[in-house]
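>>> need a structure here:
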Amino acid sequence: MKKTLLIGSLLFLGACETYTPQRYAVSADTNMALRALASRDVGVGSFTRTADFNNRCRLAGPIGLPDGLSFEAYIQKALADELKMAGMFVPTNPPVTLTGTVEKLSFLSSQNGNNGVWHIDLRVTSTNGKSVLVSESYEFKSGFGAEIACKQTAEAYLPAVQNLIRKLVTDPQFGTLIGV
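Numbers count the residues shown, from 1 in each chain. So this is what the prediction gives:
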């Protein structure tokens with residue numbers, strides 16, 4: 001009985017872990033792509049999520065984000081950070097503001113053995129009426145055990161978002177969003 005209680009307690013305590021990716025880091029490739037555009041003053045408005053999303057990773061615990069951000073706010077901040085690094089971001093009264101809707105957000109911590117994947121669909125809309133939809137399916141090495149797989153899943157969110165933002169700014173329609 002004591003052994004069963006001990007094992008049950010350990011499983012319960014282990015299920016309380018929250019797995020957190022790193023804060024967003026700007027991408028050199030995205031920065032170069034933005035700098036290649038004619039410099040524009042761009043603002044970033046709010047991002048929302050229409051997709052259902054379950055942040056639970058197996059029985060190990062949830063995927064959480066640094067600084068208490070939501071998953072869509074993390075993407076919003078990523079875009080703003082990239083624009084800031086490229087010298088294009090204007091915080092107040094920009095001629096154009098980009099908003100976003102995360103239309104799909106999901107992950108598998110185990111797919112085909114020890115691999116995982118993040119799926120993100122993002123629609124970005126400009127105040128000039130134009131919009132573009134970009135998608136990212138980011139595959140990564142996961143793990144068999146829940147703890148390692150969930151840690152790897154959380155850590156893969158950063159590069160998944162970097163790829164998503166790079167796809168956005170290199171999309172031929174991105175220029176129409178910012179008036180190029």
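>>> Please count neighbours and contacts with C-alpha atoms only from this point.
Fine.
>>> Could you verify my assumption that T101 touches F71?
No - T101 is not in contact with F71 according to Cα atoms under 8 Å; the separation is 11.1 Å.
>>> Give me the common contacts of those two.
Counting by Cα atoms under 8 Å, 6 or more residues apart in numbering, T101 and F71 have no contacts in common.
>>> Who's the closest spatial neighbour of the spatially most central residue of the chain, skipping the chain neighbours?
Closest to where the C-alpha atoms of the chain average out (Cα atoms, centre = their mean) is V161, at 3.9 Å. The spatial neighbour of V161 that comes closest, neighbours along the chain excluded (Cα to Cα, 6 or more residues apart in numbering), is I75 at 6.5 Å.
>>> What of R166?
Computed as Cα to Cα, 6+ apart, the closest residue to R166 that is not its neighbour in sequence is T30, at 5.0 Å.
>>> What is the helix or strand harbouring the one you found packed up against?
Using DSSP states H and E, the secondary-structure element containing T30 is helix 28-36. When contacts are defined as 3 or more Cα pairs under 8 Å, 6 or more residues apart in numbering; DSSP states H and E, helix 28-36 packs onto helix 71-85, helix 146-170.
>>> What average pLDDT does the next helix-or-strand element following the longest one get?
By that I understand helix 146-170. Proceeding N to C from helix 146-170, the next assigned helix or strand is helix 174-178, under DSSP H and E. Model confidence over helix 174-178 averages 95 on the pLDDT scale.
>>> Give me the contact list for helix 174-178.
Residues outside helix 174-178 that contact it (Cα under 8 Å, 6+ apart) are 37, 40, 42, 96-98, 125-126, 128-132, 168.
>>> 6 Å instead?
126, 130 (Cα atoms under 6 Å, 6 or more residues apart in numbering).
>>> what does stretch 60-76 give?
Applying Cα under 6 Å, 6+ apart, the external contacts of stretch 60-76 come out as 15-20, 47-48, 55-56, 146, 154.
>>> again, only using 8 Å
The set of residues external to stretch 60-76 that reach it, using Cα under 8 Å, 6+ apart, is 14-24, 44-49, 55-57, 100-102, 146-147, 150, 154, 161.
>>> rewinding a little: what's the burial count for the residue nearest to R166?
One way to gauge burial is a neighbour count; for T30, by other Cα atoms under 10 Å, it gives 23.
>>> wait, what's in contact with it?
When contacts are taken as Cα under 8 Å, 6+ apart, T30 is in contact with 82, 165-166, 169-170.
>>> So V42 sits against T92, correct?
No - taking contacts as Cα under 8 Å, V42 lies outside contact range of T92: 9.4 Å.
>>> neighbour-wise, which of the two wins?
Counting neighbours by other Cα under 10 Å for V42 and for T92 shows that V42 has the greater number, 25 against 11.
>>> List the contacts of that one.
Taking Cα under 8 Å, 6+ apart as the definition of contact, the neighbours of V42 are 83, 88-90, 94-98, 178.
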